[in-house]
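>>> What follows is a predicted structure for the sequence shown.
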Amino acid sequence: AQSVTQLDSHVSVSEGTPVLLRCNYSSSYSPSLFWYVQHPNKGLQLLLKYTSAATLVKGINGFEAEFKKSETSFHLTKPSAHMSDAAEYFCVVSSSNDYKLSFGAGTTVTVRA
Amino acid sequence: GEEVAQTPKHLVRGEGQKAKLYCAPIKGHSYVFWYQQVLKNEFKFLISFQNENVFDETGMPKERFSAKCLPNSPCSLEIQATKLEDSAVYFCASSPKQAHYGYTFGSGTRLTVV
């Protein structure tokens, strides 16, 4: 069994300040972890993924995430938020046995000018 | 191509009508998945395919939902006799042989049942 908990339903930041989106997971098997972003009325775009290689993962648009097995966390960060980062962010876990994805409840990011 | 192509983008059906959604996975990807996004933050797994074969159908409401992935054709998801609660965005994703290494999602089909 696997599950994902996104600890913040809503994060509001000022443009140019850091963004932190928190995600904890549980998985019975070796997990793969992903962060996806969804802009209003759009599809899911992959930001980055962890698949058992380097624990610090760099993604698109300046985002990065660190896999911490001891804390079962996969938090997403960006040093400087841009207005275009306003969207819904999903932390997702997949297991190597059945390939099903479990989605977190999402974090809505708003960026203040 | 490197995109998962879903058609149509929007579909409106009267209650009881049939709806058919299509998904062209990335060429060379072995797995196709269908997910239903009912509420903004709720994704429900429906079915997955390994090439043309059903891999996992534990999420499918079988009495009205069916799906296929045939060679040289887009995959399809069909809903017979749609109900109001079928209104959702349906996402297709494809992934390579090592499925859990990466999932590319299409832009979704928004189904509205009126």
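Arrived safely, thanks for sending.
>>> For chain B, what's its nearest residue on chain A.
Scanning chain A for the residue nearest chain B gives residue A:43, at 3.6 Å (criterion: Cβ to the nearest Cβ). Backbone N, C-alpha and C define where each C-beta goes, glycine included.
>>> if you skip the residues just before and after it, what's nearest to that residue?
residue B:107 (3.6 Å; Cβ to Cβ, 6 or more residues apart in numbering or on different chains).
>>> How about the contacts made by that neighbour?
Counting by Cβ atoms under 8 Å, 6 or more residues apart in numbering or on different chains, residue B:107 touches A:42, A:43, B:6, B:9.
>>> Just the buried ones among the residues you listed, please.
The neighbour count (16 or more other Cβ atoms under 10 Å in any protein chain shown) marks A:43, B:6 as buried among the contacts of residue B:107.
>>> Farthest pair within the contacts of residue B:107?
A:42 and B:6 (12.1 Å; Cβ to Cβ).
>>> For residue A:52, see how far away residue B:34 is.
26 Å (Cβ to Cβ, to the nearest Å).
>>> typed the wrong thing, it's residue B:96
Distance from residue B:96 to residue A:52, by Cβ to Cβ: 16 Å.
>>> out of the contacts of residue B:107, which one sits closest to residue A:87?
Using Cβ to Cβ, the contacts of residue B:107 come closest to residue A:87 at residue A:42, 8.4 Å.
>>> Checking that closest one next. Helix, strand or coil?
coil (DSSP: H, G, I helix; E, B strand; the rest coil).
>>> which residues touch it?
residue B:107 are the contacts of residue A:42 under Cβ under 8 Å, 6+ apart.
>>> thinking again about what came up before, and the contacts of residue B:107, which is closest to residue A:31?
Distances from residue A:31 to the contacts of residue B:107, taken by Cβ to Cβ, are shortest for residue A:43, at 23.2 Å.
>>> one step back: so residue B:34 and residue A:52 - more neighbours on which side?
residue B:34 (24 against 13; other Cβ atoms under 10 Å in any protein chain shown).
>>> Next one: the nearest residue to the more buried one once chain neighbours are set aside from chain A, what distance?
Leaving aside its sequence neighbours, residue B:34 sits nearest to residue B:46 (Cβ to Cβ, 6+ apart; 4.2 Å). To chain A, residue B:46 is 11 Å away according to Cβ to the nearest Cβ, to the nearest Å.
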